[in-house]
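Visitor: Can you look at this prediction? I've put the sequence above it.
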Number of protein chains: 2
Amino acid sequence: TEKKEVKKSATRLQMTFSSRAEIAKNEAAKELFKIMEAKKSNLCLAADVTKSDEILNLAESLGPFICVLKTHVDIVEDFSENFVNSLKALAKKHNFMIMEDRKFADIGNTVALQFSKGIYKISEWCDLVTAHSLPGDGLLKGLKEVIKNKEKIGIFMLTEMSSDGHLMSQDYSNKTMQMIANYSDIVAGIVAQSSQFTENQPELIQLTPGCKLDETGDNLGQKYNTPEFLVKEKGADIAVVGRGIIESKNPVEVAKTYRERLWNSYEERIKY
Amino acid sequence: TEKKEVKKSATRLQMTFSSRAEIAKNEAAKELFKIMEAKKSNLCLAADVTKSDEILNLAESLGPFICVLKTHVDIVEDFSENFVNSLKALAKKHNFMIMEDRKFADIGNTVALQFSKGIYKISEWCDLVTAHSLPGDGLLKGLKEVIKNKEKIGIFMLTEMSSDGHLMSQDYSNKTMQMIANYSDIVAGIVAQSSQFTENQPELIQLTPGCKLDETGDNLGQKYNTPEFLVKEKGADIAVVGRGIIESKNPVEVAKTYRERLWNSYEERIKY
C-alpha cells in the first residue's frame, strides 16, 4: 500500500531513480535503476562498431561512466563466445548492463528462436533487449517463453523512433502501451521520444536515442537533441549516445561530459 | 508505350507472371517472375530450422518445387561461409532464389551495417530480403547504399502481417506503399495479406505467409489460410509455407501438393 501511495503522489518525471527501483515490476529494470543511482549515470553508450576488440576497448575505457552498453551484435564481424564472455566480465567489473538492440519484429515463434538460438544466443548474455510491438503481442508471448527460464532480462519496447518519417502514429504508440500492460513482468521500459506515454508509469524506464552535445543530424534521416532537452523536455531517463562519443577525438572526456550533463539534467528535473 | 498499355489494360491479378516480368522495375523481381513461370511454382519454402544441414537437405529435396527458399539465418546454430556457399550452389542447381527474412527495422545507418557487415554479410548471398517501413524511408536509403554495389537484390517490404493483433493499420500500409514508390528500383514486392495495395502495380510481387492445407493456427498468434484462398481471394503471387511442409511426414509429397494447388489457383486466377 505504501508503494501505491508513492506511485500516485508523483509523476514519473519528479521521482528519483531509487524510489522507482522499489516499484519496478521487472527485475532487470529494478537493477538498472539501482545501477544508475549508484554510478550517477543515465548514459547509454551505443557501441555501434564492427570489431569485437573495439567494443571491448570502449567497454573498458567508458564502462565507469555508463549505465548501459548497447550492442548491435549482428554488425560485429568477428563475433565469438569469447567476445561475449569478455563483455560480460567488463559489465560486471564496471557495473553496467548489456542491451542488445535487436529490435525484434517478427511473429512469436520466430522471435523465440531468434532470441535463444543461432550463432548469437542473445538470451544467454543480454540483460536488456529491444523489440517492436508491430507484429502484435504474440511477439511478447514468444519472448516470454524464452525469458521464463532465465534470470533477469528486461525488454524495451519501441513506442517512437528518432528517425525522419517513421510510421509510429499516436495510435500505434497507445496500442503498444496497452500491449506492454499485460507483460509488465518482462518489460523494463520503452524507447520513446516524449514523456507522454509513461507519465503515470514510473515503473517503466524511458530510453531515448538521438543525443548529441549540439543539435545536428546525419544524412540518413536520424535527428539529434541535446542532453538537457532530452531529459528535461522529452522525458528521457536514459539517453543513448553513439557516434557523438565514439567518433570524437577523446571519447573518455566526451563521455564524462555527456554523463555529467545528463545526470545534472535528471537532478534538475526531479526538483520540480 | 506498349508496356504502359499492358499495365493499364489489366489488373495485377489477371496478368501472367511472364507479362509482369517485362514490366518489373527491380532486376530481382524480373528474374523471380521468370523462375516462377519456368518452374510453374509460386511456392516459397520457409526453411525455419536451426541446423545448416537441415536447411541444405530441404533445399536439395524440395528445391525442384519451389521458387524461393526463405531463411532466418540468425536462428541457424552452425552458420558458416560454407553453408552459404552450399546453399547458393543448390539455388543455382534447382533454380530458386534465396530470401533472407531479416525484417530490417532500424534507422538507415544501422540497417546498412546489418545488411553488409557482421558474421552474416547478408548482402553478399541473398537474392531477396525483407524489411519493415516502420523506421521511415531512411531505412530504404540505407539499404540502397549497400545494394548499389551489388548485382540483383530485391527488397520485400511488409505492408501487413498474418499475426493476431499486428499494428499495421490501413494508414500504415498506405504510407508504406508511398515510401516504396520512391525506391522502385530496389523493391521487388510486398509482404501482404490482401490484394488491395498492388492492384494497379503488377510490377510488384505479393508474398503472403500463413499458408497451410487446412485452416488452422499456432498458439503464438499466427493464422493460416488455404492455398486457394491465399492466391484467389487474398491476391498472393507467392505463398509462404513453413511448418506445413517441414513438420509433415513426407515433405516432398506435401511440397508437391502445395505447389500444385498454388499454381492451379494462379492459373484459375488469370482466367478471370
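Guide: Received, thanks. Computed from a prediction, not measured in an experiment: that's the story for all the values here.
Visitor: Please make it C-alpha for all contacts and neighbour counts, starting now.
Guide: Will do.
Visitor: got the residues of the stretch 1-150 of chain A near chain B?
Guide: Applying C-alpha under 8 Å from any C-alpha of the partner chain, one finds that the stretch 1-150 of chain A approaches chain B through A:50, A:73-79, A:103, A:105-109, A:113-114, A:117-120, A:133-139, A:141-142.
Visitor: Can I get the buried ones among those residues as something I can paste into PyMOL?
Guide: In PyMOL, this line selects whichever of these come out buried by 16 or more other C-alpha atoms under 10 Å in any protein chain shown:
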select buried, chain A and resi 50+73+74+75+76+77+79+103+105+106+107+108+109+113+114+117+118+119+120+133+134+135+136+137+138+139+141+142
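Visitor: and the residues of the stretch 1-150 of chain A next to chain B, which of them are in helices?
Guide: Of the positions in the residues of the stretch 1-150 of chain A next to chain B, A:108-109, A:113-114, A:138-139, A:141-142 sit in helices, assigned by DSSP state H.
Visitor: Please tabulate those residues in JSON lines, including the columns pLDDT.
Guide: Converted to JSON lines, these look like this (pLDDT from 0 to 100):
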{"residue": "A:Gly108", "pLDDT": "95"}
{"residue": "A:Asn109", "pLDDT": "93"}
{"residue": "A:Leu113", "pLDDT": "96"}
{"residue": "A:Gln114", "pLDDT": "97"}
{"residue": "A:Gly138", "pLDDT": "97"}
{"residue": "A:Leu139", "pLDDT": "98"}
{"residue": "A:Lys141", "pLDDT": "97"}
{"residue": "A:Gly142", "pLDDT": "97"}
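Visitor: And those residues, which is closest to A:Leu90?
Guide: Closest approach between those and A:Leu90, by C-alpha to C-alpha: A:Gln114, at 24.8 Å.
Visitor: Return the per-residue confidence for the closest residue in space to the closest one that isn't next to it in sequence.
Guide: For A:Gln114, the nearest residue in space outside its immediate sequence neighbours is B:Ile75; the separation is 5.2 Å by C-alpha to C-alpha, 6 or more residues apart in numbering or on different chains. Per-residue confidence (pLDDT) for B:Ile75: 96.
Visitor: Determine the longest strand present in chain A.
Guide: Longest strand in chain A, counting residues (DSSP state E): strand A:97-104.
Visitor: circling back: isn't the residue nearest to A:Gln114 right up against B:Thr50?
Guide: Yes - counting by C-alpha atoms under 8 Å, B:Ile75 touches B:Thr50, with 5.4 Å between them.
Visitor: anything in contact with each of those two?
Guide: Any residue near both B:Ile75 and B:Thr50 by C-alpha atoms under 8 Å, 6 or more residues apart in numbering or on different chains counts here, and that gives A:117-118.
Visitor: Give the helix, strand or coil label for A:Cys44.
Guide: Classification of A:Cys44 by DSSP: H, G, I helix; E, B strand; the rest coil places it in strand.
Visitor: what about it, how many neighbours?
Guide: By the criterion of other C-alpha atoms under 10 Å in any protein chain shown, A:Cys44 has 28 neighbours.
Visitor: give the contact list for it.
Guide: A:Cys44 is in contact with A:66-70, A:238-241, counting by C-alpha under 8 Å, 6+ apart.
Visitor: Next: A:Gly244.
Guide: With contact set as C-alpha under 8 Å, 6+ apart, A:Gly244 has these partners: A:211-213.
Visitor: Buried members of the residues you listed into PyMOL, please.
Guide: Selection of the buried residues among the contacts of A:Gly244 in PyMOL, burial being defined by 16+ other C-alpha under 10 Å:
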select buried, chain A and resi 211+212+213
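Visitor: export the contacts of A:Gly244 to TSV and tack on distance to chain B and secondary structure?
Guide: Converted to TSV, these look like this (distance: C-alpha to the nearest C-alpha, whole Å; DSSP: H, G, I helix; E, B strand; the rest coil):
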residue	distance to chain B	secondary structure
A:Cys211	14	strand
A:Lys212	16	coil
A:Leu213	20	coil
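Visitor: what's across from the most centrally placed residue in chain A in the sheet?
Guide: When C-alpha atoms, centre = their mean is applied to chain A, the residue found nearest the centroid is A:Leu207 (4.8 Å). On the basis of DSSP bridges, A:Leu207 is bridged to A:Val191, A:Ile238.
Visitor: hang on, isn't it packed against A:Ala236?
Guide: Yes - with contact defined as C-alpha under 8 Å, A:Leu207 reaches A:Ala236; the gap is 5.8 Å.
Visitor: Spit out the residues that contact the two alike.
Guide: Shared contacts of A:Leu207 and A:Ala236 (C-alpha under 8 Å, 6+ apart): A:Ala192.
Visitor: A:Asn149 versus the residue nearest to A:Gln114, what's the distance?
Guide: 19 Å (C-alpha to C-alpha, to the nearest Å).
Visitor: For the residue of the stretch 151-272 of chain A at minimum distance from chain B, which three-state class applies?
Guide: Of all residues in the stretch 151-272 of chain A, A:His166 sits closest to chain B, with a separation of 3.9 Å (C-alpha to the nearest C-alpha). Following three-state DSSP, we place A:His166 in the coil state.
Visitor: so what's it closest to, chain neighbours aside?
Guide: B:Gly136 (3.9 Å).
Visitor: my read: A:Met177 touches A:Phe197, true?
Guide: Yes - applying C-alpha under 8 Å, one finds A:Met177 in contact with A:Phe197, separated by 7.2 Å.
Visitor: Kindly indicate which of the contacts of A:Gly244 lies nearest B:Thr11.
Guide: Of all the contacts of A:Gly244, B:Thr11 sits closest to A:Cys211, with 47.4 Å by C-alpha to C-alpha.
Visitor: And the longest strand of chain A, what does it pack against?
Guide: Contact analysis of strand A:97-104 by 3 or more C-alpha pairs under 8 Å, 6 or more residues apart in numbering or on different chains; DSSP states H and E lists strand A:68-71, helix A:81-94, strand A:128-132 as its packing neighbours.
Visitor: Dump those into TSV; add mean pLDDT, distance to B:Ser248 and mean neighbour count as well.
Guide: Output for these, formatted as TSV (pLDDT from 0 to 100; distance: least, C-alpha to C-alpha, whole Å; neighbours: other C-alpha atoms under 10 Å in any protein chain shown):
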stretch	mean pLDDT	distance to B:Ser248	mean neighbour count
strand A:68-71	98	38	25
helix A:81-94	98	35	16
strand A:128-132	98	31	25
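Visitor: Kindly reformat those as JSON lines and extend each row with distance to A:Glu268.
Guide: Compiled in JSON lines, the helices and strands packed on strand A:97-104 are given as follows (distance: least, C-alpha to C-alpha, whole Å):
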{"stretch": "strand A:68-71", "distance to A:Glu268": "22"}
{"stretch": "helix A:81-94", "distance to A:Glu268": "26"}
{"stretch": "strand A:128-132", "distance to A:Glu268": "27"}
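Visitor: Point out the one among these that comes closest to B:Phe96.
Guide: Proximity to B:Phe96 (C-alpha to C-alpha) singles out strand A:128-132 among these, at 31.0 Å.
Visitor: what about the closest one, distance to the chain center?
Guide: The chain centre lies 8 Å from the centre of strand A:128-132; the measure is C-alpha atoms, centre = their mean, to the nearest Å.
Visitor: Repeat that for stretch A:121-132.
Guide: Taking the mean of its C-alpha atoms, stretch A:121-132 sits 11 Å from the chain's own mean (C-alpha atoms, centre = their mean).
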